[in-house]
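**Student:** From the sequence below, what's the structure:
(one chain, ligands or ions: 1)
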Amino acid sequence: MLDWLSMLWDYKWDYLSGAQITVLLSLVAVLAGFVLGIIIVLMRIGPFKPLNWFAVVYIELLRGTPLLVQLFIIHFGLAQFGIEFSKFTSGAIAVSINSSAYLAEIFRSGIQAVDKGQAEAARSLGMSKGMTMRYIILPQAFRTVIPAIGNEFVTIIKESSIVSLIGIADIMFQTDIIRSKTYTAMGPLLGAAMMYLVLTIPLSKAIGLLERKLKNDRNS
Ligand code: ARG
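**Tutor:** You can find the predicted model right below:
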């Protein structure tokens with residue numbers, strides 16, 4: 001046990017540099033996924049049928065196929081047609097697009113949770129449909145989905161470990177290197193688990209606190 005720990009300590013900088021990449025990639029993905037997700041949900045619930053369909057197909061394709069397959073299509077599949085990205089860019093695109101589909105559904109549930117009376121009241125005050133959406137529905141919907149967005153971030157931190165398979169030097173990639181350098185597996189892998197926990201536990205805790213605060217605000 002002690003030599004495991006001292007071995008992990010020897011590789012602390014490798015784990016930390018991996019953690020940096022994992023966090024950076026996850027941040028980029030959630031931010032880009034957020035923007036994309038809003039565009040997709042507006043297409044999904046908007047008045048234009050072709051856009052509704054496009055959004056449905058987009059969401060179903062991305063949620064119905066493995067992230068690994070999506071990542072490989074973007075990194076290796078597109079390269080065959082001369083569309084080449086750096087590893088990090090491919091990883092960021094794949095994870096962002098994947099996350100946007102999940103976020104779009106999160107947003108949709110938030111929008112549907114807003115009481116119908118809110119829209120009716122806004123419309124009866126003379127607001128256009130667009131204004132009602134922009135100023136009445138979306139702000140309320142957004143509040144209710146903040147915890148779910150946080151959870152998506154936690155999910156992405158874990159699921160992004162798949163990008164190690166195209167050679168992005170995240171936590172998992174560094175772990176593989178440590179494994180091959182030390183000719184051991186359990187120690188390095190438990191080290192990786194620990195690194196992910198260090199990232200996800202505080203985040204989950206923060207989301208829990210935020211959730212409670214949002215609930216209290218609404219009740220007061
Ligand atoms: N392992 C899942 C897959 O391969 C990843 C899903 C990502 N989930 C998410 N909420 N973004 O499809």
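**Student:** any residues touching the helix or strand bottoming out on mean pLDDT in the chain, and which ones?
**Tutor:** Of all helical and strand segments in the chain, the minimum by mean pLDDT, DSSP states H and E falls on helix 2-10, at a mean of 81. By C-beta atoms under 8 Å, 6 or more residues apart in numbering, the residues outside helix 2-10 that reach it are Tyr15, Thr182, Thr184, Met186, Gly187, Pro188, Leu190, Gly191, Met194. All C-beta spots, glycine's among them, are computed from the backbone N, C-alpha and C.
**Student:** How far off centre is the helix or strand that contains Ile93?
**Tutor:** Element membership for Ile93, per DSSP states H and E: helix 87-113. Taking C-alpha atoms, centre = their mean, to the nearest Å, one finds helix 87-113 lying 6 Å from the centre of the chain it belongs to.
**Student:** now swap in stretch 123-137 and tell me
**Tutor:** The gap between where stretch 123-137 is centred and where its chain is centred comes out at 30 Å by C-alpha atoms, centre = their mean.
**Student:** ok, now which ones touch Ile93?
**Tutor:** Ile93 sits in contact with Ile74, Phe85, where contact means C-beta under 8 Å, 6+ apart.
**Student:** how near is it to Phe85?
**Tutor:** 7 Å (C-beta to C-beta, to the nearest Å).
**Student:** Give me the common contacts of these two.
**Tutor:** Residues touching both Ile93 and Phe85 (C-beta under 8 Å, 6+ apart): Ile74.
**Student:** So which residues on this protein come close to the ligand?
**Tutor:** By the rule C-beta under 6 Å from any ligand atom, the part of the chain lying against the ligand is Pro66, Leu67, Leu68, Asn98, Ser99, Tyr102, Glu152, Thr155, Ile156, Glu159.
**Student:** what bits of this structure have low per-residue confidence?
**Tutor:** Applying pLDDT under 70 to the chain flags residues 1, 219-220.
**Student:** 50 instead?
**Tutor:** Residue ranges of the chain with pLDDT under 50: none are present.
**Student:** Between its first and last residues, what's the separation in stretch 124-132?
**Tutor:** Length of stretch 124-132, first residue to last, C-alpha to C-alpha, to the nearest Å: 10 Å.
**Student:** which of the residues in it are buried?
**Tutor:** Of the residues in stretch 124-132, Met127, Thr132 count as buried by neighbour count, 16 or more other C-beta atoms under 10 Å.
**Student:** and if you look at stretch 80-88?
**Tutor:** Of all the residues in stretch 80-88, those buried under the rule 16+ other C-beta under 10 Å are Phe88.
**Student:** any idea how far the ligand is from Leu203?
**Tutor:** Distance of Leu203 to the ligand, given as C-beta to the nearest ligand atom, to the nearest Å: 14 Å.
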